[in-house]
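*Asks:* Could you work out the structure for the sequence below:
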Amino acid sequence: MTAGRGKRLMIAAAAASLFGFSITLPVALVHAGTGSVHPGPLLRADAFARAEALTALGRKMFFDPALSASGRQACSSCHDPHHAFGPASAAPVEMGGPNLGRPGLRAVPSLRYLQAAPAFTEHFYDSEDEGDESVDNGPTGGLTWDGRADHGKDQARIPLLSPFEMANKDEAAVAAALRKAAYAAEFKAAFGDDVFDHAGDAFAAAAEALGTFEQSAADFYPYSSRYDAFLAGKAQLTAQELRGRALFEDETKGNCASCHLSEPANDGEPPQFTDFGLIAIAVPRNAAIPANADPAYVDLGLCGPLRTDFKGRTEYCGLFKTPTLRNVALRKSFFHNGAFHTLREVVAFYASRDTDPGHWYPRNADGTVRKYDDLPKAYWGNLNQDPPFDGRKPGDRPALDDVEIDDIVAFLQTLTDADQRAAPAN
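*Replies:* Down below sits the predicted model:
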């Protein structure tokens, strides 16, 4: 990884591509000049009408606990719309399973601002000149903490069948629940009267409807934070927030913007506050996750155990997705394992992971610090060493002092969307 990772990141993936949202259009097309064709206005109207129908259907499914084996857990149970479609609790993992008694393995991420994430690739080339493959930023894109789902409809399948989430036995169980739902007629209207004749078809349709709902702009990417208003010249930031922004972007201080892009894209699209990359930063092991009671269990992100196609690829072990920082101030647990519970702790960890490891990691019986305790030493070479880590050692001066940490936290609090600022605190 380079210190400027993603500074010139140009993501062209459209929301329709990300979420696998496909609308079958009639063959008839309207020619719009030599060598170009596009759907006529009536066909576009049909497409938008279908999108609206699937969005409405997906919304009903998202809030329906009957789609879980327990009958008590909906998508919204973990992805609370009042908490930016993230968890409302401070627990590092949520409970699921047939009786809601089985703990998950990772913290629940927010579903907001996923619309621009590209499909996963092992090699993302970051260059000002299109086609110049001189800078390889490595694994980039995808959804979930390990990037194993490329589209919203693929991601939606995971919790429906996960044994520690909604825990349906198979696709047929989901189809049976949909057949009995109050919106079954709407489901058939959208996907055909025979959609329930084959469980696989019904399951795929359900995933498409959920994926379509999760790309609706008003719910999932409103760009309504104070920072967005500031960028549009419609709001002011305080002196502290402006200092925090400068520190956030300073490559010798916070260097946060090297991965959490804070400037509008070349096409004017608001910043996503992520470069969609996967990196290793060695967050401390969280003893509050039941799976971690087994000392042999290690969550290595991109190389497993939940993602299996890169098992054995040691250069990927310990890498996790860089999440967007939009609405980050709403979270009550942070990182893939929920190890920290305040935003200030998170910023302080970045500032002093290597200068004061004894503050973050446990000690061995002889008093030595067991640093990077959730990442086996064989994979320490994968750790990000860009600023603010920057080769610092125990006893060195950290890149950020306490006042500067507070300033960055103040800036991050400007990233909360307008509808979330009015949400209850609990």
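
*Asks:* surely residue 81 meets residue 219?
*Replies:* Yes - taking C-beta atoms under 8 Å as the definition, residue 81 is a contact partner of residue 219 at 7.1 Å. For glycine as for every other residue, the C-beta is placed from the backbone atoms N, C-alpha and C.

*Asks:* hey, where'd the strands end up in the stretch 51-200 of the chain?
*Replies:* In the stretch 51-200 of the chain, the strands defined using DSSP state E, counting those that start in this stretch lie at 95-96, 102-103.

*Asks:* tell me the pLDDT at residue 424?
*Replies:* Looking at residue 424, its pLDDT stands at 47.

*Asks:* same deal with residue 257?
*Replies:* 97.

*Asks:* What is the neighbour count of residue 233?
*Replies:* 7 (other C-beta atoms under 10 Å).

*Asks:* Please name the spatially closest residue to residue 119 (chain neighbours excluded).
*Replies:* The shortest distance from residue 119 to any non-neighbouring residue, by C-beta to C-beta, 6 or more residues apart in numbering, is to residue 150 (4.1 Å).

*Asks:* Does the one you found touch residue 140 like I think?
*Replies:* No - Residue 150 lies out of contact with residue 140 (C-beta under 8 Å); the separation is 11.9 Å.

*Asks:* Mind listing the shared neighbours of these two?
*Replies:* Common neighbours of residue 150 and residue 140, using C-beta atoms under 8 Å, 6 or more residues apart in numbering, are residue 120.

*Asks:* Have a look at these two and say which one is more surrounded.
*Replies:* residue 140 (27 against 21).

*Asks:* Give the bridge partners for that one, please.
*Replies:* residue 121, residue 277 (DSSP bridges).

*Asks:* how far away is it from residue 375?
*Replies:* 21 Å (C-beta to C-beta, to the nearest Å).

*Asks:* So which of the strands of the stretch 51-200 of the chain is nearest residue 187?
*Replies:* strand 95-96 (23.9 Å; C-beta to C-beta).

*Asks:* could you point out where the stretch 51-200 of the chain is predicted with low confidence?
*Replies:* 126-134 (pLDDT under 70).

*Asks:* which residues in the chain form helices?
*Replies:* Under the criterion DSSP state H, helices of the chain are mapped to 15-18, 41-62, 75-78, 152-161, 171-180, 184-191, 199-213, 217-220, 226-231, 239-249, 343-352, 357-360, 402-412, 418-421.

*Asks:* Next, the buried residues of the last one.
*Replies:* Across helix 418-421, burial judged by 16 or more other C-beta atoms under 10 Å covers residue 420.

*Asks:* And the longest one, by the same measure?
*Replies:* When burial is assessed from 16+ other C-beta under 10 Å, helix 41-62 yields the following buried residues: 43, 46, 50, 51, 54, 55, 56, 57, 58, 59, 61, 62.

*Asks:* separation between the second one and residue 213?
*Replies:* What that stands for is residue 46. To residue 213, residue 46 is 19 Å away according to C-beta to C-beta.

*Asks:* With the fifth one instead?
*Replies:* Residue 54 sits 7 Å away from residue 213 when distances are taken as C-beta to C-beta.

*Asks:* same thing with the third one?
*Replies:* When distances are taken as C-beta to C-beta, residue 50 and residue 213 turn out to be 13 Å apart.

*Asks:* Tell me how many other residues surround residue 72.
*Replies:* 12.

*Asks:* swap in residue 263?
*Replies:* 11.

*Asks:* unless I'm mixing things up, it is touching residue 257, no?
*Replies:* Yes - between residue 263 and residue 257 there is a contact under C-beta under 8 Å: 7.5 Å.

*Asks:* Name the spans of the stretch 301-426 of the chain whose pLDDT lies under the cut-off.
*Replies:* 423-426.

*Asks:* how much space between the closest residue to residue 350 other than its chain neighbours and residue 120?
*Replies:* Closest residue to residue 350 apart from its sequence neighbours, by C-beta to C-beta, 6+ apart: residue 388 at 5.5 Å. Counting by C-beta to C-beta, the separation of residue 388 from residue 120 is 27 Å.

*Asks:* same check, this time on residue 216
*Replies:* In terms of C-beta to C-beta, residue 216 sits 23 Å off from residue 120.

*Asks:* ditto for residue 408
*Replies:* For residue 408 relative to residue 120 (C-beta to C-beta), the value is 29 Å.

*Asks:* Those two: which is more packed in?
*Replies:* When residue 408 and residue 120 are compared for neighbours, residue 408 comes out ahead with 28 against 23, by other C-beta under 10 Å.

*Asks:* OK, contacts around residue 145?
*Replies:* 106, 109, 301, 320, 321, 336.

*Asks:* mind redoing it with 10 Å?
*Replies:* 105-109, 278, 299, 301-302, 306-307, 319-321, 323, 335-337 (C-beta atoms under 10 Å, 6 or more residues apart in numbering).

*Asks:* Kindly report the same for residue 412.
*Replies:* Counted by C-beta under 10 Å, 6+ apart, residue 412 has contacts 227, 241, 244-245, 248, 256, 260, 273, 325-329, 343-344, 346-347.

*Asks:* Among the residues you listed, the buried ones, what's the ChimeraX command?
*Replies:* Burial among the contacts of residue 412 is assessed by 16+ other C-beta under 10 Å; the matching ChimeraX selection reads:
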select :227,241,244,245,248,256,260,273,325,326,327,328,329,343,346,347
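
*Asks:* List phi and psi for the most centrally placed residue in the chain.
*Replies:* Nearest to the geometric centre of the chain sits residue 323, at 4.8 Å (C-alpha atoms, centre = their mean). For residue 323, the backbone dihedrals (degrees, to the nearest 10) come out as phi -80, psi 160.

*Asks:* OK, contacts around it?
*Replies:* By C-beta under 10 Å, 6+ apart, the neighbours of residue 323 are 86, 107, 109-110, 113-114, 145, 259-260, 273-274, 276, 331, 334-336.

*Asks:* How much space separates it from residue 189?
*Replies:* Distance from residue 323 to residue 189, by C-beta to C-beta: 36 Å.
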